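Asks: below: sequence and its predicted model.
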Amino acid sequence: MMEIIELKQRQDSKAAEIYAQFEMLLKELRKKELSQNSIGSINSYVEKINASAFEGNDLKKLVKQSQTSILKEVEKEHKIVAKNYYRNIWMLLGFTAFGLPIGMLFGLSIGNMGMLGVGLPIGMVIGLAVGSSMDKKALAEGRQMDLEIKY
């Protein structure tokens, strides 16, 4: 059975934070039941970072891209997500999908389109509520990693 390989240690002050977060992601993924296909894909990203001669912002960019790709794949194939994943997505969706139409209706009903902005925080709260409930469900089902992604 295949295992997720270790990330090579580096001393890079610019990329230290994102590098540490990537190591935590790998640590959390090792605790989960993943398919051989997913493990192979994760290992290819880790090997690419380990083999890279990049430093500073270039290394930071490579690690961030790899982390995003791994998170997308793991979410798509296994429905495993980081903490507050759904909250962050739904907050933006609520803002645009609910907030703008609510603000538009409010502005039209009063006859003052300057009131369009009133709906935005309402939509954001709706999105936060939906996303938070989905995060709680993911946690209850054991699909949530003990890691919050901060870019």
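Replies: Structure received. Numbers count the residues shown, from 1 in each chain.

Asks: for the nearest residue to residue 36 once chain neighbours are set aside, helix, strand, or coil?
Replies: Nearest residue to residue 36, sequence neighbours excluded (C-beta to C-beta, 6 or more residues apart in numbering): residue 2, at 5.5 Å. Where you see a C-beta, it was placed from the backbone N, CA and C, and this is true even at glycine. Under DSSP: H, G, I helix; E, B strand; the rest coil, residue 2 falls in the coil class.

Asks: my guess is residue 2 contacts residue 39. True?
Replies: Yes. Counting by C-beta atoms under 8 Å, residue 39 is a contact partner of residue 2 at 4.7 Å.

Asks: of those two, which one has the most company?
Replies: residue 39 (17 against 13; other C-beta atoms under 10 Å).

Asks: what about that one, helix or strand, and which?
Replies: Per DSSP states H and E: residue 39 is located in helix 36-51.

Asks: can you report phi and psi for the residue nearest to residue 36?
Replies: phi -80, psi 150 (degrees, to the nearest 10).

Asks: list the contacts of the helix or strand hosting residue 68.
Replies: Element membership for residue 68 (DSSP H and E) is helix 56-78. Residues outside helix 56-78 that contact it (C-beta atoms under 8 Å, 6 or more residues apart in numbering) are 10, 12, 14-15, 18-19, 21-22, 25, 29, 32-35, 37-38, 41-42, 45-46, 48-49, 52, 54, 80-82, 85, 143, 149, 151.

Asks: at 7 Å what do you get?
Replies: Defining contact as C-beta atoms under 7 Å, 6 or more residues apart in numbering, one finds that helix 56-78 is touched by 12, 14-15, 18-19, 22, 25, 29, 34-35, 38, 41-42, 45, 48-49, 52, 54, 80-82, 149, 151.
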